[in-house]
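Asks: Pasting a predicted model and its sequence here:
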Amino acid sequence: MPRKVNYGLDYDDEDYDAYEDYDYDLDDDFGIENNGKELELKRETVKRDVWRCSICTYDNEENLTACDICGVLHNPLGRVGINSDKKSVEGRCKDSGASIMAKSLFASLPRKIIQKAVLFHPQKDDFVIEEGNKFHRLGDIQGPIHEFQNAFIIHKIHNINIAPFKFDVPSPDDVVSNGLRSSKVGSKASVTDLESSRISSKVAKKSSASAQSSAEWSDSSSVAQKDQQDTLNEGIPSGDRGVSYPHGSSGTKTIQSNDYKPEKWMLPDEGVDTLTQLNLAIVGHVDSGKSTLSGRLLHLLGRVSKKEMHKYEKEAKSQGKGSFAYAWALDESAEERERGITMNVAVAYFDSSKYHVVVLDSPGHKDFVPNMISGATQADAAILLVDASCGAFEAGIKGQTMEHAQLIRSFGVDQIIVAVNKMDVVEYSKDRFDEIKQTLGTFLQSRGFKNSYWVPLSVMENQNLVSAPSEARLLSWYHGPSLLDAIDSLQPPTRDFQKPLLMPICDVIRSTSLGQVSACGKLEAGALRSGSKVLVMPSGELGTVRSLERDSQACSIARAGDNVGVTLQGIDGGHVMAGAVLCHPGFPVAFAKHLELKVLLLDVATPILIGSQLEFHIHHAKEAARVRAVIEVILQGPVCVEEFSKSRALGSVSLRASGNTVALGVVTRIIKELE
Ligand SMILES: Nc1nc2c(ncn2[C@@H]2O[C@H](COP(=O)(O)OP(=O)(O)OP(=O)(O)O)[C@@H](O)[C@H]2O)c(=O)[nH]1
């Protein structure tokens, strides 16, 4: 069955009322008309003990861990209270991502006063601003503000409000892979290394201490301790075991990540015939039909039974929302169903002939872009769904069709299937399909998508989904692959099997009755099996893998690319949270809040100025950030991060302000940890 990503702790206990998330103390109501949907939200009463959000200045109740208005975390991950697992169910729900995002639906952020203006002068290096090439290296920008603004004038293509840069010249990936890191970055490298060494060695020491104590707690026999030590040392060459830490510290021998040697079980067994896992994000403007498509595919491919489908149909009809029956297979919460929109990413699975597909059904509504980002960072490829209906496609182009395409590209996805849906509404018109293909195709090409497949569909009338269409009007001109065939034509993703474990946590499921905590997410690198020791960063706590689950089935090993649930034992559950990262105890991920970025500006209306307060998104973590120098950010709290050259997943960022994505970028340097 599909699983919802809640961006916070989740409870699997039966007595837990999943809809408590939306049960607020309310003192006023207000609604807003958005894409024809009447959305309602209520605001909580302000209580006496409050903390002020650094982004929107809203006074939040003390017990909230994230801003009630904009969702920015109050306490940095590193300072997560170790007692947070003792929260009542009610407390947890109030803090959940769903509640926060729901409440932020109607919040417009108050304007912040910019303290300093950025200066600008034309650049003379590789990042010279050219006609048609809107890539800017902001680090070199100086000069009066109007010149800064002029540098970011939007060029409209086909009257579309296209964001002013091109991914392919260069894309964030290309920035790093083409070695475009500036000499400025290089010249400070030694300082950086020193700083990050200090941080990581501190953490590594902590992990070693916890590793030892954890081993002692779990079993007192020397044989058991040896086993514990062996799991702790998985992948570390025998000569180096138990004596050293990554990045090093004085007096200890250093293990670099290239010293890591994966053990045999960590590598895929070529002989065993298993399908490659493909993490497929379904993105696109609100109402384009993403959940309906996901639900219908699951049904057609036998993942949602006839009986279940019948139940969804009945329930949807009884609420006067019959057309949403398939979407209900994914949109499970009462609030999502009532509003007819997806709020959290749903994770579901089906098999094609070539892939074990993990469907990441993303929300399309503008206000849930942060959730969409969290799902999209796990994607190997994407289906960009567009609504062919007159007016709807055009609205999507100005809305989230473009934003989602840009975000997904910035996370390194360069294979995309553009599914032109609702062809039934336009009489399966070839002209309309060609018009959409020409308009959007030009844009996608300019953003550096290498492979894009174009598939006309009607999800509602089951045309061209898993087999050739039966509709004569479509058959008369379309002879290409069905959507399922297009999925099978995608190139298999490359995986980091040879690197130490790295799994950003996107969701946490917690059973209070069993005292267990499960972290969900995609393994970006390395492998896990039951008994493996894992380090949870940023807390530096060690846990042991008790069991693994993929697609609701227990599995013995999870490898890079797999999207799994990892049940941990021997760990305080309060340290396991969305935004944290599971890593190899010998190779802790860096943890910092002072970063140098290289960004591509999307929104000229929101220039990035020194002193600007932004929302900083990285893998599944979100932090308030202040622009210190252009573009160097100080986050309110630290996050797990790697330079993009080391990890795509932990080095791709997006910057948002006032509900808009204003820039996409990569981490070029971890500057230092601030005490
Ligand atoms: N006519 C027609 N309607 C469709 C088709 N596919 C989906 N719809 C309708 O479009 C509406 C929105 O569908 P959803 O699946 O909720 O759209 P979505 O993209 O998941 O919406 P968000 O997740 O909120 O962005 C529903 O009423 C669907 O029945 C189609 O092929 N033809």
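Replies: Here it is on my side, so go on.

Asks: What's the mean pLDDT across the longest strand along the chain?
Replies: Across the chain, the longest stretch assigned as strand under DSSP state E is strand 660-672. Within the predicted structure, the mean pLDDT of strand 660-672 is 84.

Asks: Partner strands of that strand, with direction?
Replies: For strand 660-672, the paired strands and their directions (DSSP bridges) are strand 591-601 (antiparallel), strand 652-657 (antiparallel).

Asks: wait, which of these is closest to the ligand?
Replies: Judged by CB to the nearest ligand atom, the one of these that comes nearest to the ligand is strand 652-657, at 18.1 Å. C-beta here means a position set from N, CA and C on the backbone, and glycine is covered the same way.

Asks: in the closest one, what counts as buried?
Replies: Buried positions in strand 652-657, judged by neighbour count with 16 or more other CB atoms under 10 Å: S652, V653, S654, L655, R656, A657.

Asks: and if you look at stretch 559-575?
Replies: Buried residues in stretch 559-575 (16+ other CB under 10 Å): 559-568, 570-575.

Asks: Would you mind measuring the gap between the ends of it?
Replies: Using CA to CA, to the nearest Å, the end-to-end distance of stretch 559-575 comes out at 23 Å.

Asks: do stretch 530-543 as well
Replies: Stretch 530-543 has an end-to-end distance of 11 Å (CA to CA).

Asks: likewise stretch 546-561?
Replies: Between where stretch 546-561 begins and where it ends, there is a gap of 20 Å, by CA to CA.

Asks: Then stretch 496-509?
Replies: For stretch 496-509, the first-to-last residue distance is 26 Å (CA to CA).

Asks: Can you tell me which helices and strands the helix or strand S452 falls within packs against?
Replies: When elements are assigned from DSSP states H and E, S452 belongs to strand 451-456. Applying 3 or more CB pairs under 8 Å, 6 or more residues apart in numbering; DSSP states H and E, one finds that strand 451-456 contacts strand 415-421, helix 430-446, helix 483-488.

Asks: between it and strand 415-421, how many degrees?
Replies: Strand 451-456 and strand 415-421 meet at an angle of 10 degrees, taking axes from the mean of the first three to the mean of the last three CA atoms, to 10 degrees as the criterion.

Asks: neighbouring contacts of the helix or strand just after strand 451-456?
Replies: Per DSSP H and E, strand 451-456 leads on to helix 472-475 as the next helix or strand towards the C-terminus. In this structure, residues lying in contact with helix 472-475 by CB atoms under 8 Å, 6 or more residues apart in numbering are M423, E427, Y428, P456, S458, Q463, N464, A468, P469.

Asks: What subset of those residues is buried?
Replies: M423, Y428, P456, S458, Q463, N464, P469.

Asks: from this protein, which residue is nearest to the ligand?
Replies: Here the chain gets closest to the ligand at one residue, G364, 2.5 Å apart by CB to the nearest ligand atom.

Asks: Now do that residue against L384, distance only.
Replies: G364 sits 11 Å away from L384, going by CB to CB, to the nearest Å.

Asks: Need the buried residues of strand 652-657 in CSV (columns: pLDDT and distance to L542).
Replies: Below are the buried residues of strand 652-657 laid out as CSV (pLDDT from 0 to 100; distance: CB to CB, whole Å):
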residue, pLDDT, distance to L542
S652, 87, 28
V653, 88, 28
S654, 84, 31
L655, 86, 33
R656, 85, 34
A657, 82, 38
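
Asks: ok, which pair from those is furthest apart?
Replies: The largest distance within the buried residues of strand 652-657, taken as CB to CB, falls between S652 and A657 and amounts to 18.1 Å.

Asks: three-state assignment of A558?
Replies: strand (DSSP: H, G, I helix; E, B strand; the rest coil).

Asks: since we're on it, how many residues are nearby?
Replies: The local packing of A558 (other CB atoms under 10 Å) involves 26 other residues.

Asks: how about the nearest residue to H594, chain neighbours excluded?
Replies: Closest residue to H594 in three dimensions, ignoring its sequence neighbours and counting by CB to CB, 6 or more residues apart in numbering: I671, at 4.2 Å.

Asks: Can you tell me the number of residues neighbouring the one you found?
Replies: When neighbours are counted by other CB under 10 Å, I671 registers 21.

Asks: same question, K321
Replies: Around K321 sit 15 other residues, with neighbours defined as other CB under 10 Å.

Asks: residue contacts, it?
Replies: Remark: with contacts taken as CB under 8 Å, 6+ apart, K321 is in contact with R337, G340.

Asks: give me that answer again for 6 Å
Replies: Residues in contact with K321 (CB atoms under 6 Å, 6 or more residues apart in numbering): none are found.

Asks: Just the pLDDT for it.
Replies: Residue-level confidence at K321 comes out at 76, pLDDT.

Asks: Look up how far E336 lies from it.
Replies: Using CB to CB, one obtains 11 Å as the distance from K321 to E336.

Asks: before we move on, what about S291?
Replies: On the measure of CB to CB, S291 and E336 end up 9 Å apart.

Asks: between the two, which one's more packed in?
Replies: The residue with more neighbours, out of S291 and E336 and counting by other CB under 10 Å, is S291; that gives 29 against 23.

Asks: how about the nearest residue to that one, chain neighbours excluded?
Replies: Computed as CB to CB, 6+ apart, the closest residue to S291 that is not its neighbour in sequence is A327, at 3.5 Å.

Asks: Might one say that the one you found is in contact with K290?
Replies: No. The pair A327 / K290 is not scored as a contact, 8.2 Å apart, by CB atoms under 6 Å.

Asks: one step back: alpha carbons only: can I get the strand holding S452 in PDB?
Replies: Once non-C-alpha atoms are left out, strand 451-456 reads as follows in PDB (Å, rounded to 0.1, in the frame of the first residue of the first chain):
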ATOM      1  CA  ASN A 451      16.300  12.500 -22.500                       C
ATOM      2  CA  SER A 452      12.700  13.600 -22.700                       C
ATOM      3  CA  TYR A 453      10.000  11.300 -23.800                       C
ATOM      4  CA  TRP A 454       6.600  12.700 -24.900                       C
ATOM      5  CA  VAL A 455       3.500  10.600 -24.200                       C
ATOM      6  CA  PRO A 456      -0.100  11.700 -24.800                       C
END
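
Asks: Is it positioned near the ligand?
Replies: No. Where contact is defined by CB under 6 Å from any ligand atom, no part of strand 451-456 touches the ligand; the two come within 10.3 Å at best.

Asks: Quick one: residues in contact with that strand.
Replies: 415-420, 423, 433, 437, 444, 478, 483, 486.

Asks: Which strands border it, and is each parallel or antiparallel?
Replies: Based on DSSP bridges, the strands next to strand 451-456 in the sheet, each with its direction, are strand 415-421 (parallel).

Asks: Give me the buried positions along the strand it pairs with.
Replies: Within strand 415-421, the residues that count as buried by 16+ other CB under 10 Å are Q415, I416, I417, V418, A419, V420, N421.

Asks: Out of the residues you listed, which are close to the ligand?
Replies: Restricting the buried residues of strand 415-421 to those near the ligand - CB under 6 Å from any ligand atom - leaves N421.

Asks: Just give me the closest of the buried residues of strand 415-421 to C640.
Replies: Using CB to CB as the measure, the one of the buried residues of strand 415-421 that approaches C640 most closely is Q415, at 26.9 Å.

Asks: what sits against the closest one?
Replies: With contacts defined as CB under 6 Å, 6+ apart, Q415 is in contact with A381, N451, L490.

Asks: so it bridges to which residues?
Replies: Note on Q415: beta-bridge partners N451, judged by DSSP bridges.

Asks: Pull up the gap between it and T442, please.
Replies: As defined by CB to CB, Q415 lies at a distance of 18 Å from T442.

Asks: for the ligand, what are the nearby residues on the stretch 201-350 of the chain?
Replies: Residues of the stretch 201-350 of the chain found near the ligand, taking CB under 6 Å from any ligand atom as the criterion, are 286-292, 323-324, 327, 340-342.
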